[in-house]
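Trainee: Need a 3D model of the sequence below.
(2 chains)
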Amino acid sequence: MKTESRLEKILQAGHFAVTAECGPSKGADVAALKQKGEYLLGCIDAVNVTDNQTAIVRMSSVAAAGILKGMGHEPVLQMVTRDRNRIALQSDLFGAYALGLRNVLCLTGDHQCFGNQKEAVGVFDLDSIQLLRTVRDMRDNGTIIGGEAIQVPPKMFIGAAANPFADPVGWRVVRLAKKVEAGADFIQTQCIFNIDRFSQYMAQAVDMGLTEKVSILAGITPLKSVGMARYMAAKVAGMDVPEELIQRMAGVPKEQQAEEGIKIAVETIHKVREIKGVAGIHLMAIEWEHKVPEILKAAGLTSRPEV
Amino acid sequence: MIVAELKEISEIRSMIDRYGSVLVVGCDSCVAECAAGGQRETMLLAAAIRLSYAKEGKQPVITEACLDRQCVDDFIEGIASQVPEHEAILSLGCGAGVQALARVYADKPILPALNTLFIGETEMRGVWQENCLGCGQCKLGHFGAVCPVTRCSKRLMNGPCGGSKEGRCEVNREIRCGWDMIIQRLEALGELDRLSEYVPPVDWSTSHSGGPRRIVREDQKP
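Mentor: Numbering: from 1, shown residues only, chains lettered A, B, ... in the order given. Modelled structure (predicted):
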């Protein structure tokens, strides 16, 4: 074991891991955050705490992860390089570890133009791959950027994101390999709607031997409505929502679309479980955290392993 | 070259309304190439300012002049005789030109007529593209002569990000994905291997992060 992470133990033991996303409150609302945490407690192996996702100002992911940890959750702290330079990122890593957090997901983050602070400076001092390397060097060498040694280096289980659906297509697995090389222990993918494309991507990853070095969790997002499906297809960066899926959502009455979306998510979970190299799933039920238990129950993933 | 754009007349007026005489000074270098502040644009702007005042029944003195370069003292002296006759100078130079005029003509208000935007190239007539941020450590040799610091909206050194779609950037479909350009070009040159190595964090101390930069070369001093 490289770390004290429970997620690492679960993946190392060969269990099919289940993680889910929890978006911190827009404000300092602890009760709302805990409410979301309650829905997820006991039915997942780890909870991802998003970091001002889509560049919308929310409670800091370190603080929110600390609160969720206090509830008995195993948080995966998401960190984007958009808003903090290397001084702040490394400092927050120390702080996160001091609070008992043991997993971090290293991201560059959506551009600030998508959020509610469009005039903000984009920091981008590091990119996600440089952040991965930074967290790994802290853990394995006990050093910060520049090589200076630190006392009690954070030992994090390190995650990265991967988008099998972005362009240039031929480059996506190469980039995955670069992330693994830079220190990724696990990968959580972009939401999968196009299973054929995801299968091709996984086959390449298996061929390159990457799945032996890194645990890949397939990203699942339940669609709430045909409107959401259309929005994601057209507006969300790096998303591939096939037209037939949009048509399927459009084909059911409005009041049944949420149910249909969940059905699609469950089918997707069953399909990705069959794909070689998939080590688990990562559920991103956006502002729909309370539906996670229902989705997991329908997917036959209710009991989580004790490790 | 430095690429700039003319400000709105209303903003220019808000800066110069308090003066009875203004010397409008163009710069016939970079900003002439980008059709923002050359001889022609200076003439047009002076005429537009006169017209806007005339509509209000006002006739301040608006004189036009143009220097070959506003950022070099030898050229700046070209307007020395006209400066004392005017209360203020409206510069169509880039930000460097405006500040150089202010250094030379220390007792005159110098006002900018342009918004200075970027270091770039004339891609075609009427199209200018930013392609250098002056980071102080040129790495174009590693990236097929496409700058990731400038052409990637997130300055990724190990890109592309997950927002690259059909060669376009997630920020705006009008923006080409810099990393797509890097990969395409290196592929065409048979040098994709240059991208296999991890690129460590950039040393930004040579960029503006290190404070305003200055070069002193003894061999060039008089």
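
Trainee: from chain B, which residue is nearest to chain A?
Mentor: Residue of chain B nearest chain A, by Cβ to the nearest Cβ: B:G162 (3.2 Å). Placement of C-beta: from N, CA and C, glycine included.

Trainee: Next SSE downstream of the longest helix belonging to chain B?
Mentor: As far as residue count goes, and with DSSP state H defining each element, the longest helix of chain B is helix B:39-54. Along the chain past helix B:39-54, the next helix or strand (assigned with DSSP states H and E) turns out to be strand B:61-67.

Trainee: What parts of chain B come near chain A?
Mentor: Residues of chain B found near chain A (Cβ under 8 Å from any Cβ of the partner chain) are B:153-167, B:170-172, B:177, B:180, B:183-184, B:195, B:198-202, B:204.

Trainee: Quick check: phi and psi at B:G120.
Mentor: Torsion angles at B:G120 (phi, psi; degrees, to the nearest 10) stand at phi -160, psi -170.

Trainee: and it, what does it touch?
Mentor: When the contact criterion is Cβ atoms under 8 Å, 6 or more residues apart in numbering or on different chains, the partners of B:G120 are B:M1, B:V3, B:W128, B:Q129, B:E130, B:N131, B:C132.

Trainee: same deal with A:R136?
Mentor: A:R136 makes contacts with A:I158, A:A182, A:G183, as judged by Cβ under 8 Å, 6+ apart.

Trainee: My reading is that it lies in a helix. Confirm?
Mentor: Yes. Residue state for A:R136 (DSSP: H, G, I helix; E, B strand; the rest coil) corresponds to a helix.

Trainee: tell me the SS of the residue nearest to the spatial centre of chain A?
Mentor: The residue at the geometric middle of chain A, judged as the C-alpha nearest the mean C-alpha position with Cα atoms, centre = their mean, is A:Q188 (4.8 Å). The three-state label for A:Q188, taken from three-state DSSP, comes out as strand.

Trainee: quick revisit: quick check: of the contacts of B:G120, which has the highest neighbour count?
Mentor: For these, the largest neighbour count, defined by other Cβ atoms under 10 Å in any protein chain shown, is 22 neighbours, found at B:V3.

Trainee: List the buried residues for the one helix or strand it maps to?
Mentor: The secondary structure element spanning B:V3 is strand B:2-6 (assigned by DSSP H and E). Residues B:I2, B:V3, B:A4, B:L6 are the ones in strand B:2-6 that count as buried (16 or more other Cβ atoms under 10 Å in any protein chain shown).

Trainee: hang on, the earlier thing: pick out the most distant pair among the contacts of B:G120.
Mentor: Checked with Cβ to Cβ, the contacts of B:G120 reach their widest spread between B:W128 and B:C132, with 12.4 Å between them.

Trainee: which bits of the stretch 51-200 of chain A sit near chain B?
Mentor: Contact residues, the stretch 51-200 of chain A versus chain B (Cβ under 8 Å from any Cβ): A:82, A:86, A:108, A:110-111, A:113-114, A:122, A:124-130, A:133-134, A:145, A:161-163, A:166-168, A:171, A:174-175, A:178, A:181-182, A:190.

Trainee: Out of those residues, which end up buried?
Mentor: The neighbour-count criterion (16+ other Cβ under 10 Å) marks A:82, A:86, A:108, A:110-111, A:113-114, A:122, A:124-130, A:133-134, A:145, A:161-163, A:166-168, A:171, A:175, A:178, A:181-182, A:190 among these as buried.

Trainee: quick one, helices of the stretch 151-300 of chain A?
Mentor: Counting by DSSP state H, counting those that start in this stretch, the stretch 151-300 of chain A has these helices, from start to end: A:172-182, A:195-207, A:226-235, A:243-250, A:257-273, A:292-298.

Trainee: so of those, which one's packed in deepest?
Mentor: For the helices of the stretch 151-300 of chain A, the largest average neighbour count (mean count of other Cβ atoms under 10 Å in any protein chain shown) is found in helix A:172-182, namely a mean of 21.

Trainee: What angle do helix A:195-207 and it make with each other?
Mentor: Here helix A:172-182 runs at 50 degrees with respect to helix A:195-207, directions being taken by axes from the mean of the first three to the mean of the last three Cα atoms, to 10 degrees.

Trainee: Hmm, A:R102 is touching A:M156, no?
Mentor: Yes. Using Cβ atoms under 8 Å, A:R102 is in contact with A:M156, at 6.3 Å.

Trainee: The two - which one has more neighbours?
Mentor: Comparing A:R102 with A:M156 by other Cβ under 10 Å, the one with more neighbours is A:M156, at 28 against 22.

Trainee: does the nearest residue to A:D29 once chain neighbours are set aside belong to a helix or a strand, and which?
Mentor: Distances taken as Cβ to Cβ, 6 or more residues apart in numbering or on different chains place A:M59 nearest to A:D29, at 7.8 Å, with adjacent residues excluded. Secondary structure assigned from DSSP H and E places A:M59 in neither a helix nor a strand.

Trainee: gap between A:M59 and A:K118?
Mentor: A:M59 is 20 Å from A:K118, where distance means Cβ to Cβ, to the nearest Å.

Trainee: More neighbours: those two, which one.
Mentor: It is A:M59, of A:M59 and A:K118, that has more neighbours when counted by other Cβ under 10 Å, with 21 against 10.

Trainee: so the more buried one makes contact with A:A28?
Mentor: Yes. Contact between A:M59 and A:A28 holds when scored by Cβ under 8 Å: they sit 6.3 Å apart.

Trainee: I'd like the average pLDDT over stretch B:103-110.
Mentor: Over the span of stretch B:103-110, the pLDDT mean works out to 98.

Trainee: Relative to B:A48, how far out is B:V24?
Mentor: Relative to B:A48, and taking Cβ to Cβ, B:V24 is found at 10 Å.

Trainee: Pick out whichever of the two has more residues nearby.
Mentor: Comparing B:V24 with B:A48 by other Cβ under 10 Å, the one with more neighbours is B:V24, at 26 against 14.

Trainee: related to what we said a few turns ago, from the residues of the stretch 51-200 of chain A next to chain B, which land in strands?
Mentor: Here DSSP state E is the test, and those give A:A161, A:A162, A:Q190 as lying in strands.

Trainee: The lowest-mean-pLDDT helix or strand in chain A near chain B at all?
Mentor: Of all helical and strand segments in chain A, the minimum by mean pLDDT, DSSP states H and E falls on helix A:226-235, at a mean of 94. No. Applying Cβ under 8 Å from any Cβ, one finds helix A:226-235 out of contact with chain B, separated by at least 10.3 Å.
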